[in-house]
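Asks: below: sequence and its predicted model.
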Amino acid sequence: MRVVRSGILFAALLLAPAGQAADNAAIKEKAAVCSGCHGENGISQTENIPSLAGQPDQFLQWQLVFFRAGSRKNDQMQPIAEEITNEDIRNFGAYFSQMTPPKAEEDKDPDLSKKGAQVAIGRRCASCHTDSFAGTKAVARLAGQREEYLVKALHDYKAGARVGGGVAAMADVAYHMSDEEITAVSHYLAYFR
């Protein structure tokens, strides 16, 4: 029931006029609270906390709706998401999607990246996340994301602790991945340029 209600709510959010987050001082002020965990300019410096900069607008909105509805769980995000309005959700999505995404650092383990590239090809990651792994619409940007966060996210999908949109493709993909594959593909994506 909650997921259906979340989907209906999200559809209503998309039909509403989009906010002008980049030019709005109020949304910048509200989004400043996010920097405590998600980093200055939306680029996380904290373990297991994702970078938000450059994530697709709809993806960010979906995640906030999932947190607010309780279908995605996190002790820090839950109380925050419960307090934000539909307008805030639209504005946060627009605001962070317009920021410059994190740039991958120099790859410290190219051999692991080669293995990860093979996993990404075998699991058809690019079919949803695009060839550049920049994401699109309601699909997450993976390129340059924190490596340990990607590992955590895949393990959460595999264990059924995290939900996705649509037909739950991520849960199906992650369920069949070994720990070694999760480690390799997470490394590859974190250092993808």
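Replies: On my side now, so go ahead.

Asks: excluding sequence neighbours, find me the nearest residue to the residue nearest the centre of the chain.
Replies: Central residue of the chain (C-alpha atoms, centre = their mean): residue 140, 4.7 Å from the mean position. Nearest non-adjacent residue to residue 140, counting by C-beta to C-beta, 6 or more residues apart in numbering: residue 59, 5.1 Å away. Just so you know, the C-beta spots here come from the backbone N, C-alpha and C atoms, and that holds for glycine as well.

Asks: list the buried ones in the host helix or strand of residue 26?
Replies: Using DSSP states H and E, the element containing residue 26 is helix 25-32. By neighbour count on 16 or more other C-beta atoms under 10 Å, the buried set for helix 25-32 is 27, 30-31.

Asks: and if you look at stretch 139-157?
Replies: Result for stretch 139-157 [16+ other C-beta under 10 Å]: buried residues 139-147, 149-157.

Asks: circling back: which helices and strands sit right next to the helix or strand harbouring the residue nearest to residue 140?
Replies: In this structure, residue 59 sits in helix 57-69 according to DSSP H and E. Contacts defined by 3 or more C-beta pairs under 8 Å, 6 or more residues apart in numbering; DSSP states H and E place helix 57-69 against helix 2-15, helix 77-83, helix 86-97.

Asks: ranking the ones you listed by mean pLDDT, which is last?
Replies: In terms of mean pLDDT, the lowest-scoring of the helices and strands packed on helix 57-69 is helix 2-15 (a mean of 46).
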